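Asker: Build me a model from this:
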Amino acid sequence: MYQGSCLCGAIKFSIEGSLGRADACHCVQCRKWTGHFLPSVEVKRSALVMQSKATLKWYHSSEKVRRGFCGQCGSSLFFDPTDQVKHDWLGVAMGAFDSDTKKQLELHIFVAEKGSYYEINDGVPQNEH
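Answerer: Residues are numbered from 1 along each chain as shown. Sure, this is the predicted structure:
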């Protein structure tokens, strides 16, 4: 089991089961939402258990995605594809976990939109989109 929370601790969650693929999204929306890029891990929806979520807010950044964050401290937490039939997972921000997940990034995505102020040179595969 993995535990996580937002910066202020108002939102607490756990993941019961294994973690899926870890990737880093460099799209403009993720960069604006986080201030850099979003490293996240795919988690089956049924594995996410919310212990506290009173300050959880959702922002629909497109017709296909909503983004979960803490309305109190602003922590970026969840990337949720709205087509739950097609996507039985949601992305959980790697920085929100309370301890080491032992996961490594497996893929960089939307690197065509990455910021000009950094390089990606960690040897992890990269997708333009």
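
Asker: all strands for the chain, in order.
Answerer: 2-5, 12-15, 22-25, 38-44, 48-52, 56-60, 65-70, 76-81, 89-93, 107-109 (DSSP state E).

Asker: Let's have these in TSV, adding mean neighbour count and mean pLDDT.
Answerer: The C-beta positions use only the backbone N, C-alpha and C, and glycine is treated the same way. Supplementary listing: these in TSV, determined by neighbours: other C-beta atoms under 10 Å; pLDDT from 0 to 100:
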stretch	mean neighbour count	mean pLDDT
strand 2-5	20	98
strand 12-15	18	98
strand 22-25	22	98
strand 38-44	21	97
strand 48-52	13	98
strand 56-60	14	98
strand 65-70	20	97
strand 76-81	20	97
strand 89-93	23	97
strand 107-109	18	98
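
Asker: So for residue 99, which of those sits nearest?
Answerer: Among the strands of the chain, strand 2-5 comes nearest to residue 99, with 7.1 Å by C-beta to C-beta.

Asker: what comes into contact with that closest one?
Answerer: 11-15, 19, 77, 92, 96-99, 101 (C-beta atoms under 8 Å, 6 or more residues apart in numbering).

Asker: now, which of those sits nearest residue 109?
Answerer: For the contacts of strand 2-5, the nearest to residue 109 is residue 92 (15.7 Å; C-beta to C-beta).
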